[in-house]
Every structure is written in C-alpha cells, then in structure tokens.
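K.L.:
pasting the sequence and the predicted model now:
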Amino acid sequence: MDFLFNLLNCTALLNLTWGNLLMDAVGIFFIYIAIKKHYEPLLLVPIGMGILMGNVAPIVIDGKQIFFMLVNGEIARGTGQYSVMYYLYFGVRTGIYPALIFLGIGAMTDFSCLLARPKLVLLGAAAQVGIFVTYLGALALGFLPHEAGAIGIIGGADGPTAIFLSSILAPELVAPIAIAAYSYMALVPVIQPPIMKLLTTRRERLIRMSTPPPVSRREKILFPIGAFLICTVVAPGSAILTGCFFFGNLLKECGVTERLAQTARTSFVDIVTILVGVCVGCSASADTFLQPRSLLIFALGAFSFAVATASGVLFAKFMNLFSRDKINPLIGAAGVSAVPDSARVAQMVGQEEDHQNHLLMHAMGPNVAGVIGSAMAAGILWSLLG
C-alpha cells in the first residue's frame, strides 16, 4: 500500500484543479478551431498544446523540478530554473522571439503596393487609433498606466508586438495579452466583415480601384533603409522591431542574399513561431489566467480590434472626400497588422458584391503599413510608460 500511495503521489492527479481542467478545455478548443476552421493553425496549435502542457502539475523530486514545464505562473515570474521551459521562455521574457519573428515577416513582405500608392500608409496609421482608445479604456477600468499600455497594443492585432511590449511593461500579463492578441488575429474573418458592411454602402463596396503604377527595384531597396531611419527618429523605442522587420525586407529585395531571405521567411520564422506559441501557452496556467483581470483584457481586446477596424474604414471614406482616385473603403480594415488575413478579408467582402473586383493587392498596402504602425505605437508606449 505504501508503494501504491507513493506511486500516486508521483502523478499529477492529486494536484489537478478545476481551473487546470478548464484551461485544458481552452487548449483543446484552440487546437480544434485551428484544425477544423483553419483559424491561424500555425499559431493556435502550438498555443493550444502549450496550454495543455502548462496545466499539468509538475513532478518534484528532492526539491528539483524534473518535468519540462511549470505551472502556477512560475515561468512568467522567472523562477523554476530546473524546468526546460524556463529557459525556452527566456526569449519571451526578453523580447527576443518577437524581434526574430519580425525579421521573418520582413523577408516575406512586399512593399510594392504601398510604394505605388504612398497615401495608403495613412490607413495603416488610422487603424492604430484602436491602440490608444483601448489604453484610455484600460485606465478607466483601473489598470495601471504601464498595464494599460501593454493591453492597448492588442488593438494592433499583432501578436509579436503584443508579446514584446507586455514583456517589458507588464510581464505578469503576457499570457492573457498574447493569447487575446493571437485569438483576435485568428478570428479576423469572423470579427471584421460585420463591421465593414455596417460602415459602408453597397456602392462604396463596389468601387474598383485603378491599377497601381509599377515600382522599380531601386525603390524597393531604398525603402527599408529610409523607412527604418524615419521610424527610429520618430519612435526610437520601435528600433528593435522595425530594425529586424526592415532588415528582413532588405534581405529579400537586395537580390544578393536570397539564401538568407529564404531561410528567414521559412524554417527560421517557423522555429521561432513554435517556440513562442508553446511558451505563451505554457505560461497560461489556471492560477494566473483565470482571473477577473484576464476577462477584462479579453473584453478590451475585442473592443480595441473593433475600433481599429472601424477607424481604418472610416478614414478611407474620409480620404475619398478629397480624392479623385477613389479608394474602396473595405481596404481600410486591412490597416490592422494581421498580415495577410485582414487583406484577404477585404478581398472576400468585396467579391461578395462583385466577383470581378480584386482588392487583395490594394489591401496589402495598408496591411503592411499597419505592421509598421503597430511597432511604432509600441515604441511610443514603451518610451512614455517604460
């Protein structure tokens, strides 16, 4: 009997709580919608599996953690050095993983649409209104300024930026902020279309945009260099993210580092994405995640995403008041930096009205501008609140 009792003590059964089981259900749900609905599977499958890992009680022998993950928020608090996950989580705590993801995204990004119509950068800037509106909302709900800044960045619909800023301003909130940001990125096809249709008329959704002028190779090479210098001058705190982003793009466009660009946008970014997803999921243990503040963060995240989408659409309508070359307001919703999903949503909603109206290439302009805008907003918030 003593042997059986000791064997039972070596399992996780005695330490499991209802909260752990609830979080396990959340992790399984993320995996389900990723597989069944194809909602951001590259992100939600690692996060879902990480949640399952983070809600299994650890095994401790002679005071040493021998299981490879930690519960009770110890990963986020920086303790538990005997855990493998503690060391993997170092990249989240220090903001290394988000910067490396930006490098890979930069190597995937084509700025041709933005360079052909530079005014579309204003749509990317307009969509960042959601970040600062949410910041004010979080303050009104009692969050401290640095916590409100970390929460507000969810409005950019940019998971890596949300992780980067929250790891600096509010490390204890990384899990709910990151999971909220990635969840809303995955739900772009569900959240955005009703807002876009509500704020536009059928006549506006039928607008066909003119073919953009060609962009030279020289412009593509000079843009990441010049844009990085401008972003750094305006928002020095964004230098880490924008520097990696534009460096990745320069690898792609310069024409002499194709091997590096190919690696950055494939295996390199895939490896970092796996590490980020699993680490963020593991940090979402029941005792740290199932709190009233986490529910408020999710509510504020939904609000900020809706505001960001509406701001982009409304600003596109405003620009049309002064422009002869009309913009289809649907592409304003792509100003959030969920690349390329929000651009695809603009294409999808547009083709519901006119199957021959192709908005994807036009929507990519504000979409990539939104990536830059959210990184700059993070840099500004870091400078003001860090």
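P.N.:
Cool, the structure landed.

K.L.:
any weak-confidence spans in the stretch 1-150 of the chain?
P.N.:
1-15, 57-83 (pLDDT under 70).

K.L.:
I figured residue 354 hits residue 206, correct?
P.N.:
Yes. Judged on C-beta atoms under 8 Å, residue 354 makes contact with residue 206 at a distance of 5.5 Å. C-betas here are computed from N, CA, C, even on glycine.

K.L.:
in stretch 258-277, which residues are buried?
P.N.:
260-261, 264-265, 268-269, 272-277 (16 or more other C-beta atoms under 10 Å).

K.L.:
now do the contacts for residue 184.
P.N.:
154, 157, 191, 301-302, 305 (C-beta atoms under 8 Å, 6 or more residues apart in numbering).

K.L.:
what helix or strand does it sit in?
P.N.:
helix 174-186 (DSSP states H and E).

K.L.:
pull the number of nearby residues for residue 84.
P.N.:
Number of residues near residue 84 (other C-beta atoms under 10 Å) recorded here: 13.

K.L.:
also the one 4 residues further on?
P.N.:
Burial of residue 88 is recorded as 18 neighbouring residues (other C-beta under 10 Å).

K.L.:
and the one 5 residues further on, by the same measure?
P.N.:
Counted with other C-beta under 10 Å, the neighbours of residue 93 add up to 20.

K.L.:
tell me if I'm right that it and residue 164 touch.
P.N.:
No. Counting by C-beta under 8 Å, residue 93 sits too far from residue 164 to count as a contact (11.0 Å).

K.L.:
please enumerate the shared neighbours of the two.
P.N.:
Counting by C-beta under 8 Å, 6+ apart, residue 93 and residue 164 have no common neighbour.

K.L.:
thinking again about what came up before, closest to residue 135 out of the buried residues of stretch 258-277?
P.N.:
residue 276 (23.8 Å; C-beta to C-beta).

K.L.:
the closest one and residue 100, how far apart?
P.N.:
Note on residue 276: its distance to residue 100, by C-beta to C-beta, to the nearest Å, is 9 Å.

K.L.:
what do these two both touch?
P.N.:
residue 91.

K.L.:
re earlier: can you pick the most crowded of the contacts of residue 184?
P.N.:
That'd be residue 154 among those, by other C-beta under 10 Å, with 36 neighbours.

K.L.:
could you find the closest non-adjacent residue to that one?
P.N.:
If you skip the residues right next to it in sequence, residue 154 has residue 301 as its closest partner in space, 4.0 Å away by C-beta to C-beta, 6 or more residues apart in numbering.

K.L.:
my read: the one you found touches residue 181, true?
P.N.:
Yes. Assessed by C-beta under 8 Å, residue 301 is found in contact with residue 181 at 6.8 Å.

K.L.:
which residues do those two both contact?
P.N.:
In contact with both residue 301 and residue 181: residue 154, using C-beta under 8 Å, 6+ apart.

K.L.:
can you name the residues that contact the residue lying closest to residue 260 once chain neighbours are set aside?
P.N.:
Computed as C-beta to C-beta, 6+ apart, the closest residue to residue 260 that is not its neighbour in sequence is residue 251, at 4.9 Å. Contacts for residue 251 (C-beta under 8 Å, 6+ apart) come out as 106-107, 257, 260-261, 264.

K.L.:
which members of those occur in helices, if any?
P.N.:
Of the contacts of residue 251, the ones assigned to helices by DSSP state H are 106-107, 260-261.

K.L.:
now the two most distant members of the residues you listed.
P.N.:
Maximum distance among the ones in helices among the contacts of residue 251 (C-beta to C-beta): 11.6 Å, for 106 and 260.

K.L.:
got the buried residues for the helix or strand hosting residue 368?
P.N.:
Assigned by DSSP H and E, residue 368 falls within helix 360-385. Buried positions in helix 360-385, judged by neighbour count with 16+ other C-beta under 10 Å: 360-382, 385.

K.L.:
equivalent analysis for stretch 232-247, please.
P.N.:
232, 235, 237-238, 240-247.

K.L.:
CA atoms only: put it into PDB for me.
P.N.:
This file holds the C-alpha atoms of stretch 232-247, laid out as PDB (Å, rounded to 0.1, in the frame of the first residue of the first chain):
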ATOM      1  CA  THR A 232      13.700  55.300 -35.500                       C
ATOM      2  CA  VAL A 233      13.800  59.100 -35.400                       C
ATOM      3  CA  VAL A 234      10.000  59.300 -34.700                       C
ATOM      4  CA  ALA A 235       9.800  56.400 -32.300                       C
ATOM      5  CA  PRO A 236      13.200  55.300 -31.000                       C
ATOM      6  CA  GLY A 237      11.600  52.600 -28.900                       C
ATOM      7  CA  SER A 238      10.500  50.800 -32.100                       C
ATOM      8  CA  ALA A 239      14.000  50.400 -33.400                       C
ATOM      9  CA  ILE A 240      14.300  46.700 -32.300                       C
ATOM     10  CA  LEU A 241      11.100  45.600 -34.100                       C
ATOM     11  CA  THR A 242      11.300  47.900 -37.100                       C
ATOM     12  CA  GLY A 243      15.000  47.200 -37.400                       C
ATOM     13  CA  CYS A 244      14.500  43.500 -37.700                       C
ATOM     14  CA  PHE A 245      11.500  44.000 -39.900                       C
ATOM     15  CA  PHE A 246      13.200  46.200 -42.500                       C
ATOM     16  CA  PHE A 247      16.400  44.100 -42.300                       C
END
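
K.L.:
off-centre distance for that stretch?
P.N.:
17 Å (C-alpha atoms, centre = their mean, to the nearest Å).

K.L.:
how about stretch 47-58?
P.N.:
For stretch 47-58 - counting by C-alpha atoms, centre = their mean - the centre lies 21 Å from the chain centre.

K.L.:
do stretch 227-238 as well
P.N.:
Stretch 227-238 sits 20 Å away from the centroid of its parent chain (C-alpha atoms, centre = their mean).

K.L.:
so the host helix or strand of residue 248 versus helix 360-385, what angle?
P.N.:
Element membership of residue 248, judged by DSSP H and E, is helix 239-253. Interaxial angle, helix 239-253 versus helix 360-385 (axes from the mean of the first three to the mean of the last three C-alpha atoms, to 10 degrees): 150 degrees.
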